[in-house]
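Visitor: Please find the sequence and the predicted model below.
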Amino acid sequence: MSLFDTSPPELPNLKDARRPLAERMRPERLEDYIGQDHILGPGKPLRRQIERDELSSIILWGPPGTGKTTLARLIARVTRCEFIPFSAVLSGIKEIKAVMADAERLRNLGRRTILFIDEIHRFNKAQQDAFLPYVERGDIILIGATTENPSFEVISALLSRSRVYALRGLTVPEIVTLLKRALPVIHLQASDDLLEQIAIYSNGDGRQAYNTLEAAAAAAAAGELTEQAVQDAMQRKVLLYDKGGEEHYNLISALHKSVRSSDPDAALYWLTRMLEAGEDRLYIARRLIRMAIEDISLADPRALEQAIAAMQAVHFLGIPEGDLALAQAAIYLCMAPKSDAAYRAMGTVLEDVQKTIAEPVPMQLRNAVTRSMKEWGYGEGYQHAHQFADAIVDMECLPPSLAGRQYYFPSHRGVEKRIQERLEELRRRRGKASAPASDTT
């Protein structure tokens, strides 16, 4: 069986039916583990460590519900190590020393111990320091799990003795596979569409997907999962989304074009459709940033600031509070003056870069960092702008074959109206005729 075989594992003992579904569905074999192909696929680093039984201390870094605890348990099972789970929330130095004493005793008996520390980022520096002697002596193999960047949250001494593996949020197909495996356990039937909606709603979190399925199953009639049961479990309407990927792109296209068309009502509608369907908030934030750059640009430079601020607010606040920041940014972008002048300018520059030879940098723009370079003419003819009235010089800064070429033509909207006036003055004083600006966007 391959590592990502979708056939169901052996069903958990029914006497454990009162345990949460996510706990009951933990796989017993590495072959049944779903996801993280980038580190566990054939020939990948962690897979090689496990297969060769050359395990060292590791840090598993990833979002909630991506299988960090499950993977640690499976590693211990495959490598035949004692597995000791340890909570950074509930334990202190006293508990650490007690566990370390047990691990040292087991090592003297020839048995290896994997100490799994959940939420290792919650340990302070002194607590993390307490593990170092035992890691160095080989009394324990430390596996730490964290949702925070270990570069900031784990002490450097511990990091240098560990390998960091980044886990990714589970994909929709991977979560659907997990849910299908769970259906016989809870004696439930469900359509692929409903399972897909649960998977989208869970946003890469396998544990949340199991919890949602379990809650929906409690409201299902006659062992058949219904749309109403799923809506009740998610506490919102099931929306058609991401079917084959098309609806995902249809909705983001509708949002982008509504913003470009300065229609805040339509933008809010499409934005809310995406939020309610479970779209990744940071994906929406990235697209709003793109709109600020592509469709507004220097007509209102604050548009980019608003979009970046919304992204930071979403990352800081999460759901649902961060959703309001996205709505605020979308409205601001709608009402801002529009310009694609910078976008079009870059396109024209790209054409010239691709179609013309890469000429040497003109001598007047080069720095003469050595005496020889100065003798060769580096920097000759350079005019330092701050030594001239209004910091305006008539020095040509483009290569000779492109001298006088104009790429940027501001619109007459918003801030760019003032930019256009300034640019015309600059070009006039340099003796260049300024082409008329275009309002076409």
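Guide: Yes, it's here.
Visitor: make it CA atoms for all contacts and neighbour counts henceforth
Guide: Will do.
Visitor: quick one: pLDDT of Gly92?
Guide: Looking at Gly92, its pLDDT is 66.
Visitor: Check Val415 too.
Guide: We note a pLDDT of 85 for Val415 in this prediction.
Visitor: so how many other residues sit close to the spatially closest residue to His187 that is not a sequence neighbour?
Guide: Closest residue in space to His187, ignoring its immediate chain neighbours: Gly223 at 6.4 Å, by C-alpha to C-alpha, 6 or more residues apart in numbering. Applying other C-alpha atoms under 10 Å, we find 15 other residues in the vicinity of Gly223.
Visitor: Can you pull the phi/psi pair for Gly223?
Guide: phi 70, psi 20 (degrees, to the nearest 10).
Visitor: Any idea which helix or strand in the protein has the lowest mean pLDDT?
Guide: Counting by mean pLDDT, DSSP states H and E, the chain has its least confident helix or strand at helix 93-108, which shows a mean of 76.
Visitor: got the contact list for it?
Guide: Residues external to helix 93-108 that are found in contact with it (C-alpha atoms under 8 Å, 6 or more residues apart in numbering): 112-113, 127, 130-131, 134, 139-140.
Visitor: Let's see which of those end up in helices.
Guide: 127, 134 (DSSP state H).
Visitor: Drop anything exposed from the contacts of helix 93-108.
Guide: When burial is judged by neighbour count using 16 or more other C-alpha atoms under 10 Å, the buried members of the contacts of helix 93-108 are 112-113, 127, 131, 134, 139-140.
Visitor: related to what we said a few turns ago, buried residues, the least confident helix or strand of the chain. List them.
Guide: Quick answer for helix 93-108 (16+ other C-alpha under 10 Å): 96, 100, 103-104, 106.
Visitor: next one: stretch 34-45
Guide: Taking 16+ other C-alpha under 10 Å as the neighbour-count basis, stretch 34-45 is seen to contain the buried residues 34-36, 38-41.
Visitor: circling back: show me which pair in the contacts of helix 93-108 is furthest apart.
Guide: In the contacts of helix 93-108, the most distant members under the criterion C-alpha to C-alpha are Arg112 and Gln127, with 22.1 Å between them.
Visitor: State the distance from the nearest residue to Leu55 once chain neighbours are set aside to Val135.
Guide: Residue nearest to Leu55 in three dimensions, not counting chain neighbours: Gln49, with 5.3 Å by C-alpha to C-alpha, 6+ apart. Here Gln49 is placed at a distance of 17 Å from Val135 (C-alpha to C-alpha, to the nearest Å).
Visitor: pLDDT weak spots in the stretch 1-150 of the chain?
Guide: Segments of the stretch 1-150 of the chain classed as low confidence (criterion: pLDDT under 70) are 1-17, 88-93.
Visitor: In contact with Leu71, which residues?
Guide: Leu71 is in contact with 30, 33, counting by C-alpha under 8 Å, 6+ apart.
Visitor: from the chain's centre, how far out does the host helix or strand of it sit?
Guide: Here Leu71 is covered by helix 68-78, with elements defined by DSSP states H and E. Relative to its parent chain, helix 68-78 has a centroid offset of 25 Å by C-alpha atoms, centre = their mean, to the nearest Å.
Visitor: Please apply the same query to stretch 196-213.
Guide: 18 Å.
Visitor: What would that stretch look like as CSV? C-alpha coordinates only.
Guide: Provided in CSV are the C-alpha atoms of stretch 196-213 (Å, rounded to 0.1, in the frame of the first residue of the first chain):
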residue,chain,number,x,y,z
GLU,A,196,-16.5,18.8,-0.3
GLN,A,197,-18.4,21.6,1.3
ILE,A,198,-17.2,20.5,4.7
ALA,A,199,-13.7,20.2,3.4
ILE,A,200,-13.8,23.8,2.0
TYR,A,201,-15.3,25.1,5.3
SER,A,202,-12.5,23.4,7.4
ASN,A,203,-9.9,25.5,5.6
GLY,A,204,-7.1,22.9,5.7
ASP,A,205,-7.9,21.7,9.2
GLY,A,206,-8.5,18.0,9.4
ARG,A,207,-9.7,18.1,13.0
GLN,A,208,-12.3,20.8,12.3
ALA,A,209,-13.5,18.7,9.3
TYR,A,210,-14.0,15.7,11.6
ASN,A,211,-15.8,17.8,14.2
THR,A,212,-18.1,19.3,11.6
LEU,A,213,-18.9,15.9,10.1
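Visitor: and it, average pLDDT?
Guide: Rounded to a whole number, the mean pLDDT of stretch 196-213 is 88.
Visitor: before we move on, what about stretch 262-281?
Guide: If you average the per-residue pLDDT over stretch 262-281, you get 88.
Visitor: Would you mind putting the CA coordinates of it into CSV?
Guide: In CSV, the C-alpha atoms belonging to stretch 262-281 read as follows (Å, rounded to 0.1, in the frame of the first residue of the first chain):
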residue,chain,number,x,y,z
SER,A,262,-16.2,51.4,-8.6
ASP,A,263,-19.3,49.4,-7.5
PRO,A,264,-19.0,48.9,-3.7
ASP,A,265,-22.4,47.1,-3.4
ALA,A,266,-21.5,44.5,-5.9
ALA,A,267,-17.9,44.2,-4.4
LEU,A,268,-19.4,43.5,-1.0
TYR,A,269,-21.8,41.0,-2.3
TRP,A,270,-19.1,38.9,-4.1
LEU,A,271,-16.7,39.3,-1.2
THR,A,272,-19.3,38.0,1.3
ARG,A,273,-20.1,35.1,-1.1
MET,A,274,-16.4,34.1,-0.9
LEU,A,275,-16.2,34.5,2.8
GLU,A,276,-19.3,32.4,3.5
ALA,A,277,-18.1,29.7,1.2
GLY,A,278,-14.9,29.4,3.3
GLU,A,279,-12.3,31.0,1.0
ASP,A,280,-8.9,31.6,2.5
ARG,A,281,-8.9,35.1,3.9
